[in-house]
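# Pasted the sequence and its predicted model underneath.
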Amino acid sequence: MNKFEYLTPGSIDEAISLLVSHGEQARFIAGGTDVMVKIKEGKISPQYLVSLRRIQGLDRITFQNGELRIGSLVTHRMLELSPIIRKEFPILTDAVTHIGSVQIRNVATIGGNVVNAVPSADGAIPLITLGAQVRLRGPKGERTMDLEHFFIGPGQTLLEPGEMLLEFIVPKLPDHTGAAYVKHTRREAMELPLLGVAVLISLGGDLSTCTEARIGLGVLAPTPMRARSAESVLKGKKITEELLAKMGKAAAEECRARDSIRGEAWYRREMVEVLVPRMARLAMVRAK
């Protein structure tokens, strides 16, 4: 493994300045569960690692007036154990509980999981389904964008040179809204998913009519995606088993599944057709 210099800035601006000054020879590091593996495998060889661990305020979860904010240095374990997340956003608990081992979740951060931008990242799919935005800061200042549009390819995002992901912002959800996520794998032990499916359902006053439906899919396409055509199957209609099955079939047709080492496209499409209605039912239970 190549030698590198470990830098420990104490502020966001200092970290950005260090990354800019060292250019392509530098990388941010938070938990290090992705960066260190890439270094050991020879995929990257930075001369400088700019640690974010000493920066205050990026490891907080706040929930106020219905809006959720998650700092980029919040670990998966913090999300897993958070009473706020468990009560108000159990879809995130669904996702982070099955990422790696407890030891990994103690250090791996949600920001690192998203910025790494691998198609199998469990953290991104529920956040996209919740309508999350990302707040970014770089040499040109701050900007905010929908997380859904943040990814442009495997390992690729819209982060500009020197830019840092600061936090995720989940807007207030309508009353009677529930959401659920499932990571589908071959076994219960630690493993990357064959696919990930998230569904959000908002119910009207009768608790049976769908006023909002969102479907997030991961691992299938090169980037996490929303199945918008499938969502339209349910919106504005009274939910029935027939409609849920139709929505699952529409999601399977829309999902852009591809073959990979872990699974074939035909199998992934069939599982989408099964898992989308299943997660919709769980989301409805939570919405009620």
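Sure, I can see it. Just so it is clear, the model here is predicted, and its values are computed rather than measured.

# which stretches of the stretch 51-200 of the chain aren't confidently modelled?
Across the stretch 51-200 of the chain, the ranges flagged by pLDDT under 70 are 187-191.

# so where do the strands sit in it?
Remark: strands assigned in the stretch 51-200 of the chain by DSSP state E, counting those that start in this stretch are 61-64, 67-71, 133-138, 141-146, 151-153, 156-157, 164-170, 177-184, 195-203.

# Name the next helix or strand following the longest one along the chain.
The reference is to strand 195-203. Sequence order places strand 210-218 as the next helix or strand after strand 195-203, per DSSP states H and E.

# Direction included, what does that following strand pair up with?
Sheet pairing of strand 210-218 (DSSP bridges) gives strand 195-203 (antiparallel), strand 225-226 (antiparallel).

# Output the strands of the stretch 51-200 of the chain in JSON lines, with distance to residue 236 and mean neighbour count appended to each entry.
Every residue, glycine included, has its C-beta placed from N, CA and C. Shown next, in JSON lines, are the strands of the stretch 51-200 of the chain (distance: least, Cβ to Cβ, whole Å; neighbours: other Cβ atoms under 10 Å):
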{"stretch": "strand 61-64", "distance to residue 236": "29", "mean neighbour count": "14"}
{"stretch": "strand 67-71", "distance to residue 236": "26", "mean neighbour count": "20"}
{"stretch": "strand 133-138", "distance to residue 236": "25", "mean neighbour count": "19"}
{"stretch": "strand 141-146", "distance to residue 236": "23", "mean neighbour count": "11"}
{"stretch": "strand 151-153", "distance to residue 236": "29", "mean neighbour count": "15"}
{"stretch": "strand 156-157", "distance to residue 236": "34", "mean neighbour count": "16"}
{"stretch": "strand 164-170", "distance to residue 236": "24", "mean neighbour count": "22"}
{"stretch": "strand 177-184", "distance to residue 236": "15", "mean neighbour count": "22"}
{"stretch": "strand 195-203", "distance to residue 236": "11", "mean neighbour count": "27"}
